[in-house]
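Peer 1: Need a 3D model of the sequence below.
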Amino acid sequence: MHISTGSKALDELLGGGVRTGMLTDVYGPAGSGKSQLCFTLCANCAREQKRVFFIDTAGTFRPERISEIAGNTDVLDYITVTRALGTRDQIAALDRIDDAALVVVDSLTSLFSAEYSGPSRHLAVMSHMHELALLAINAPCAVVATNMVRAVPQENGKSIEREYLAATVSIQAHVRLKFAVENAAKSSYRATLVQPPGDSVQFLISRSGIHDMD
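Peer 2: Down below sits the predicted model:
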């Protein structure tokens, strides 16, 4: 089973959409559309009367936005939200997931970044990612986790953006997507398939969620 992102181009990039049985990691800077993708996926999944479990670690969940994308408030009946205030809450939430077609973690590493440091941070995130990957495979369901980026200084004095804890996250993620702002004034964004290596596509974000370029 696939869940549509709302964009045919992005669905094609992913081989049909976000796939059941896989852990999809979506990373990019703030404002690049990661949460909007999650909201669109929630709306599209709930429209088909399939259960969604949303783990909110940063206060990003917006029920009114999902209702706007779906065009009705009935979809909210199919969405269970857990507000995780610490990594214990985030990890324990997985034990409460039952019969969900889609699980969203927004965002993956923010709480771990605050509570852990050094090698213990990597180990804790790796363990959590492993549990998410097993959940996707065994449930089965589609699991989508968002992640942030950090600036990495280069020898030329400039810096490039890389996914936070990329080496740790990539070990467990089945699919990795990089989001970027293409043209903020026109609400245009770009998604690049990083793992497995693939192409990139543009998409728009509007009141109806993520959709294709006009």
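Peer 1: biggest helix in this structure, by residue count?
Peer 2: The helix spanning the most residues in the chain, taking DSSP state H as the definition, is helix 118-138.
Peer 1: Let me see the ranges of the strands in this protein.
Peer 2: 2-3, 18-19, 23-27, 52-56, 79-83, 102-106, 142-147, 149-153, 159-163, 175-183, 188-195, 200-206, 209-211 (DSSP state E).
Peer 1: Which one, of those, ends up nearest to residue 65?
Peer 2: Minimum separation from residue 65 across the strands of the chain (Cβ to Cβ) falls at strand 209-211, 8.4 Å. For the C-beta atoms, the positions are set from N, CA and C on the backbone; glycine is no exception.
Peer 1: is it possible to export the strands of the chain to TSV including mean neighbour count and mean pLDDT?
Peer 2: TSV is the format used below for the strands of the chain (neighbours: other Cβ atoms under 10 Å; pLDDT from 0 to 100):
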stretch	mean neighbour count	mean pLDDT
strand 2-3	20	97
strand 18-19	22	98
strand 23-27	26	98
strand 52-56	24	98
strand 79-83	17	98
strand 102-106	26	98
strand 142-147	27	98
strand 149-153	13	85
strand 159-163	14	88
strand 175-183	19	97
strand 188-195	19	98
strand 200-206	19	98
strand 209-211	23	97
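Peer 1: do you know how far residue 137 is from residue 131?
Peer 2: In this view, residue 137 and residue 131 are 11 Å apart by Cβ to Cβ, to the nearest Å.
Peer 1: Next: residue 68.
Peer 2: Taken as Cβ to Cβ, the span from residue 68 to residue 131 is 32 Å.
Peer 1: Alright, I will stop here.
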